[in-house]
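Participant: Below are the sequence and a predicted model; questions follow.
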Amino acid sequence: NNRQAKFYKLTKKGERQLRDETEQWERMTLAVQKILETEPAIRDEEPLADPGEIRGSVDCRNLSFAYTAGSEPVLHGIDFQVTAGQTVALVGRTGAGKSTLLSLIPRMIDPPPGTLHVDGTDVRRLPLARLRSAIGMVPQETFLFSASIRENIALGAPEATDAEVLEAARLAGLETDLAQFPNGLDTLVGERGLTLSGGQKQRVALARALLRRPRLLLLDDCLSAVDTQTEEHILHNLRTVFQGRTVFLVSHRISTVKDADVILVLDHGRIIERGTHGQLLAIGGAYADLHQRQLLEEELAAV
Ligand SMILES: Nc1ncnc2c1ncn2[C@@H]1O[C@H](COP(=O)(O)OP(=O)(O)OP(=O)(O)O)[C@@H](O)[C@H]1O
Ligand SMILES: [Mg+2]
């Protein structure tokens, strides 16, 4: 009869949900296993230094790096010093080594001993958990989970309040997007929910890094899919965030990097120019050329 049919339907629905969720768990477990298996063996190696609270100076001395022993290095003799609180920009054509240089700082890949120091200590001697908890990195390829916006932003900061999550989202320029999403922070994204645009995904990843209030913020071309106007708005927001933090900013856009304390121009794994925006324009080299090209492009786009 009717009630039995209803009951049957409900049971079936419950079964289906359970099965879906079980499948999702299995997929997740498999994915995690895969990551664990392929993750290079970077771990704490004695003797470790006790750094105290990490302040965020970065000192790179004659760093050369090759992905595999015996292969051609992709970074050659990189030398620079950054005091805590400075903003460093990295520019240079594709394949120049910008992402590689950034990934050495949190030891996603290991720098050769004695070449890369945070607060004066070789990163290889810093406790990995301490080092990484002081760093917020937005990688070039963003990764979102099939979960709510809130969960995606609060990844790595599960104790964050809604107000904190919303503030991070606001700083990352997600405010107007959130207002348009059906359930605000609870909106599901990914496989089972809303498909976000490339620029929206990048801003979720940025909000995730900002929420953790890291001493070092590494932004790898993390607004490349965002239009120039929105990017300017976000960079304006970030001005206060950048204060008192060490920031590494990779970008192909001059407009993004022009206010940095120092701009490093990389080419084929070498620093070929360094200085402020004004200094680099005065040199009239690769940076000035890039600037000129982008001005032309802007003018053409405005026509
Ligand atoms: N996992 C890897 N294994 C081996 N070689 C790599 C790996 N990742 C990058 N490379 C090589 O290292 C060099 C520098 O790459 P990298 O990604 O650092 O450049 P990039 O400046 O970030 O470029 P883009 O502007 O395109 O992001 C390139 O020649 C690249 O092919
Ligand atoms: Mg890159």
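Facilitator: Arrived safely. Ligands and ions are numbered 1, 2, ... in the order given.

Participant: Report pLDDT for residue 228.
Facilitator: What the model reports for residue 228 is a pLDDT of 85.

Participant: If you could redo that for residue 25, that was the one I meant.
Facilitator: pLDDT, read off for residue 25, is 72.

Participant: Can you give me the neighbour number for it?
Facilitator: For residue 25, the count of nearby residues is 10 (other CB atoms under 10 Å). Quick note: C-beta positions are derived from backbone N, CA and C, even for glycine.

Participant: Tell me the spacing between it and residue 281.
Facilitator: Separation of residue 25 from residue 281 (CB to CB, to the nearest Å): 55 Å.

Participant: After whatever helix or strand residue 176 lives in, which helix or strand is next?
Facilitator: Residue 176 belongs to helix 175-180 when assigned by DSSP states H and E. Toward the C-terminal end, the helix or strand that comes next after helix 175-180 (DSSP H and E) is helix 198-211.

Participant: show me where the stretch 1-150 of the chain has strands.
Facilitator: 58-65, 75-82, 87-91, 116-118, 121-122, 135-138 (DSSP state E, counting those that start in this stretch).

Participant: I'd like to know which of those strands is closest to residue 51.
Facilitator: Minimum separation from residue 51 across these (CB to CB) falls at strand 121-122, 5.6 Å.

Participant: Partner strands of that closest one and their direction?
Facilitator: strand 116-118 (antiparallel) (DSSP bridges).

Participant: List phi and psi for residue 292.
Facilitator: phi -60, psi -50 (degrees, to the nearest 10).

Participant: for the one 4 residues further on, same thing?
Facilitator: When quoted as degrees, to the nearest 10, the phi and psi of residue 296 stand at phi -60, psi -50.

Participant: Same check on the one 3 residues further on?
Facilitator: Geometry field for residue 299 lists phi and psi as phi -60, psi -40, criterion degrees, to the nearest 10.

Participant: Please tell me how far it sits from residue 293.
Facilitator: Taken as CB to CB, the span from residue 299 to residue 293 is 11 Å.

Participant: Enumerate the residues of the stretch 51-200 of the chain near ligand 1.
Facilitator: By CB under 6 Å from any ligand atom, the residues of the stretch 51-200 of the chain that approach ligand 1 are 67, 74, 92, 94-100, 140.

Participant: Tell me the residues of the stretch 51-200 of the chain that contact ligand 2?
Facilitator: 98-99, 140 (CB under 5 Å from the ion).

Participant: before we move on, the earlier item: what about the strands of the stretch 1-150 of the chain, which gets the closest to residue 238?
Facilitator: Short answer: strand 87-91, nearest of the strands of the stretch 1-150 of the chain by CB to CB, at 9.8 Å.

Participant: packing partners for the closest one?
Facilitator: helix 98-104, strand 246-250, helix 254-257, strand 262-267 (3 or more CB pairs under 8 Å, 6 or more residues apart in numbering; DSSP states H and E).

Participant: Fine, thanks again, bye for now.
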